[in-house]
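Engineer: here is my input; please provide its structure:
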Amino acid sequence: MFKVYVLHSPVFDKIYIGYTSDLNARLLAHNQLAKKGWTIKFRPWVLIHSEDFNTKSEALRREKALKSAKGRQFIRSLLKQ
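Structural biologist: Prediction:
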């Protein structure tokens, strides 16, 4: 099982979109464990959306869709709610 997830940094108003097979471990890495990478600059991160997929290829396809202009519109609409 794979998850596509969307994180939001309320302090910096940044969005991060990714996929993983272990969401809890990934959130911990984004918020505490990681020592380098783009996401460490914009902590703390809040999970605002996730979707489940049976295969990695399905998850990658959805991640790519969310990173498109329409996908980012969808994500911003979630934040307005």
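Engineer: where does the nearest residue to Val46 once chain neighbours are set aside fall, phi/psi-wise?
Structural biologist: Excluding the flanking residues, the one nearest Val46 by CB to CB, 6 or more residues apart in numbering is His8, at 5.3 Å. To be clear about C-beta, it is placed using only N, CA and C from the backbone, and glycine gets the same treatment. His8 adopts backbone torsions of phi -130, psi 140, taken as degrees, to the nearest 10.
Engineer: what is the burial count for His8?
Structural biologist: Per other CB atoms under 10 Å, the neighbour tally for His8 reads 21.
Engineer: what do you get for Gln73?
Structural biologist: 9.
Engineer: how close does it get to Gln81?
Structural biologist: 13 Å (CB to CB, to the nearest Å).
Engineer: for the protein, what spans make up the strands?
Structural biologist: Here the chain has its strands, by DSSP state E, at 2-9, 14-20, 46-53.
Engineer: pretty sure Gly71 sits against Ala65.
Structural biologist: Yes - Gly71 is within contact range of Ala65, at 5.1 Å (criterion: CB atoms under 8 Å).
Engineer: so for the two, which sits in the more crowded spot?
Structural biologist: Gly71 (16 against 13).
Engineer: pLDDT at that one, what is it?
Structural biologist: We have a pLDDT of 97 for Gly71.
Engineer: what's it in contact with, if anything?
Structural biologist: Residues near Gly71 by CB atoms under 8 Å, 6 or more residues apart in numbering: 17, 65.
Engineer: how far away is it from Ile48?
Structural biologist: In terms of CB to CB, Gly71 sits 13 Å off from Ile48.
Engineer: I'm done for today, thanks for sticking with me.
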